[in-house]
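In: What follows is a predicted protein model with its sequence.
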Amino acid sequence: MAYSVNWTTKVITVPLTDLTLISGSNYSLDTGDFWIEMRRLEASPTDGLWTEQTIEYVNTQLLSGITYSAIVKMINGYTWDTDTTNKNISLLGFNSNLLDTFIPGSGISVLANNSAGKIEVGSGMSAGESAQLADVHGTVRRCVWVDTEAVPVGNGYQQTPYNNWSDAVDYNEANGLTSMYVISDATVDRQLKNFEIQGVGLPAIDLNAQTIDKTTFRLCNLTGTQGGGELIAFDCQMTDVVDFNGACSLVGGVGTIAFANGGSSILNEVVPFTASAEVTLSLTLGGAAATVSIEKCSGHYKITNMDHADDLIHIALEQGSIEIDSSCTAGELHIMGTGYLIDNSAGATVDKSMWISTTYVNKKILTKSYFTALG
């Protein structure tokens, strides 16, 4: 969040980006989120640690056997406004005095949801335990957790993750969320757009020929066929990926990475996941031309299936070896760096002007097995 506070005038500004869009000019603000963010700012040595307290949390009250809801209350003369105009803001969550402490103006209308009869429906826990659990779930629920090896279906919390991909994606899409944590291997069963997928323990994610567009994967083992779109990956393993199109950084390759026809891909800091193994970089045969740029790679690579006149590969090797297969019959390869090169191309143009050969070291001819032994 990006709340700001003028600690002298005691005015808190909530940016539009921290409001939740409902539709049109209608937005919502969770009073629980407001309380959490203000407590964070109060505890910051660079913000409000030295100031008067801005807000307090009045715990749930048990009256005549009924547990009444908690209250979020601004205190000590603090007020708040937003950095936008002409919007309707509905307050959600705890009862609060945020309506009373809002600075009117700029066409902003704040709608309270306070209710004298708002109660906490029995959970079997004490009021304090219920409030604490609500706080934990309120934080965790901002992303959905998936564990396909879990027995119960779960509800997407970290403590009780969904046990299938479909429910997790459905919940995200229905509630405007985009973040998922994946604990065990999973298969993508629908297209993904603008998602953030975080692996726990490097789970294998089968792309399953689904369109993956503007979706970012972290700490996952990506495998299978990408059906379209532009995939983004950081700190991932890629095992026999077909029709890859997108960008990735810090990637460990296994087997073959085949690039999509007509795609434009960027790979940065690539290494074979197994030190002595070779990674095959393949351009899918036929179709439109592919453009591939590979920077800061190390290890052993084989380039295959360049057969389109406009195919283009730029690869910068820091150490290791590159073998250009005889299936490379068209297009251009620009090879730069230092290492061992085997050029069996049969028609492709190979630019080696920036290549520094290490064929001879101490008067010994290097072979691929030499580099394999080095790992």
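Out: Yep, it's here.
In: Pass me the low-pLDDT residue ranges in this structure, would you?
Out: Along the chain, segments meeting pLDDT under 70 span 1, 60-68, 115-142, 358-375.
In: Could you list the domains of it?
Out: 4-137, 144-374 (automatic domain parsing).
In: Just send the ones you listed back as TSV, with mean neighbour count too.
Out: Using the backbone N, CA and C atoms, a C-beta is placed for each residue, glycine as well. Listed next are those as TSV, based on neighbours: other CB atoms under 10 Å:
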stretch	mean neighbour count
domain 4-137	15
domain 144-374	18
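In: can you tell me how far Leu111 sits from Phe102?
Out: Distance from Leu111 to Phe102, counting by CB to CB, to the nearest Å: 11 Å.
In: Now stretch 87-96 - C-alpha only, CSV.
Out: Only the C-alpha atoms of stretch 87-96 are listed here, as CSV (Å, rounded to 0.1, in the frame of the first residue of the first chain):
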residue,chain,number,x,y,z
LYS,A,87,-15.8,8.9,-6.8
ASN,A,88,-18.1,7.0,-4.5
ILE,A,89,-16.3,5.1,-1.7
SER,A,90,-18.1,2.3,0.1
LEU,A,91,-16.6,1.4,3.5
LEU,A,92,-16.5,-2.4,4.1
GLY,A,93,-15.5,-4.5,7.0
PHE,A,94,-15.4,-3.4,10.6
ASN,A,95,-17.7,-0.6,12.0
SER,A,96,-15.6,2.6,12.0
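In: quick one: contacts of it?
Out: The contact list for stretch 87-96 (CB atoms under 8 Å, 6 or more residues apart in numbering) reads 16, 19, 22, 25-35, 69-74, 82, 98-99, 107-115, 118.
In: Could you do stretch 253-265 as well?
Out: Here stretch 253-265 makes contact (CB under 8 Å, 6+ apart) with 226, 228, 237-247, 267, 270-274, 277, 279-284, 286-293, 305, 308.
In: same question, stretch 151-165
Out: By CB under 8 Å, 6+ apart, stretch 151-165 touches 137, 140-141, 144-150, 167-168, 171, 181, 183, 186-189.
In: ok, now with 10 Å
Out: Contact partners of stretch 151-165, identified using CB atoms under 10 Å, 6 or more residues apart in numbering, comprise 133, 136-137, 139-141, 143-150, 167-172, 175, 177, 180-184, 186-190, 200, 205-206, 208.
In: surely Tyr171 meets Thr178?
Out: No - judged on CB atoms under 10 Å, Tyr171 makes no contact with Thr178 at a distance of 11.4 Å.
In: any shared contact partners between the two?
Out: Here Tyr171 and Thr178 have Val144 as joint contacts, going by CB under 10 Å, 6+ apart.
In: sec struct for Thr17, please.
Out: helix (DSSP: H, G, I helix; E, B strand; the rest coil).
In: who touches the residue at minimal distance from the centre of the chain in this structure?
Out: The structure's the chain has its C-alpha centroid closest to Glu196; by CA atoms, centre = their mean the separation is 2.9 Å. Glu196 makes contact with Cys143, Asn172, Leu177, Thr178, Ser179, Met180, Tyr181, Thr215, Thr216, Phe217, Arg218, Ile232 under the criterion CB under 10 Å, 6+ apart.
In: again, 6 Å this time
Out: By CB atoms under 6 Å, 6 or more residues apart in numbering, the residues touching Glu196 are Thr178, Ser179, Thr216.
In: Could you do Ile12 as well?
Out: Residues in contact with Ile12, defined by CB under 6 Å, 6+ apart, are Val5, Trp80.
In: Can you tell me the element it falls in?
Out: Using DSSP states H and E, the element containing Ile12 is strand 11-14.
In: Given whichever helix or strand comes after that strand, what are its sheet partners and their directions?
Out: Later in the chain than strand 11-14, the nearest helix or strand by DSSP H and E is strand 20-23. Taking DSSP bridges as the criterion, strand 20-23 sits next to strand 26-30 (antiparallel) in its sheet.
In: neighbouring contacts of the helix or strand just after the partner strand?
Out: Using DSSP H and E, the helix or strand that follows strand 26-30 in sequence is helix 31-43. With CB under 6 Å, 6+ apart as the test, helix 31-43 has contacts from 1, 3, 5, 47-48, 54-55, 57, 72, 91, 93-94, 96, 138.
In: switch to 8 Å and redo it
Out: By CB under 8 Å, 6+ apart, the surrounding residues in contact with helix 31-43 are 1, 3, 5, 12, 14, 18, 47-49, 51, 53-55, 57, 72, 91-96, 98, 134-135, 138-139.
In: and those residues, which of them are in strands?
Out: Among the contacts of helix 31-43, DSSP state E puts Val5, Ile12, Val14, Ile55, Tyr57, Val72, Leu91, Leu92, Asn95, Ser96 in strands.
In: The fourth one contacts Val72, correct?
Out: Yes - applying CB atoms under 8 Å, one finds Ile55 in contact with Val72, separated by 6.5 Å.
In: all strands of the stretch 151-300 of the chain, in order?
Out: 179-182, 186-187, 192-193, 196-199, 204-206, 210-213, 215-218, 221-228, 231-244, 246-259, 264-272, 278-283, 291-304 (DSSP state E, counting those that start in this stretch).
In: now these as JSON lines including distance to Ile356?
Out: Below are these laid out as JSON lines (distance: least, CB to CB, whole Å):
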{"stretch": "strand 179-182", "distance to Ile356": "42"}
{"stretch": "strand 186-187", "distance to Ile356": "43"}
{"stretch": "strand 192-193", "distance to Ile356": "42"}
{"stretch": "strand 196-199", "distance to Ile356": "37"}
{"stretch": "strand 204-206", "distance to Ile356": "37"}
{"stretch": "strand 210-213", "distance to Ile356": "37"}
{"stretch": "strand 215-218", "distance to Ile356": "34"}
{"stretch": "strand 221-228", "distance to Ile356": "32"}
{"stretch": "strand 231-244", "distance to Ile356": "28"}
{"stretch": "strand 246-259", "distance to Ile356": "23"}
{"stretch": "strand 264-272", "distance to Ile356": "19"}
{"stretch": "strand 278-283", "distance to Ile356": "20"}
{"stretch": "strand 291-304", "distance to Ile356": "15"}
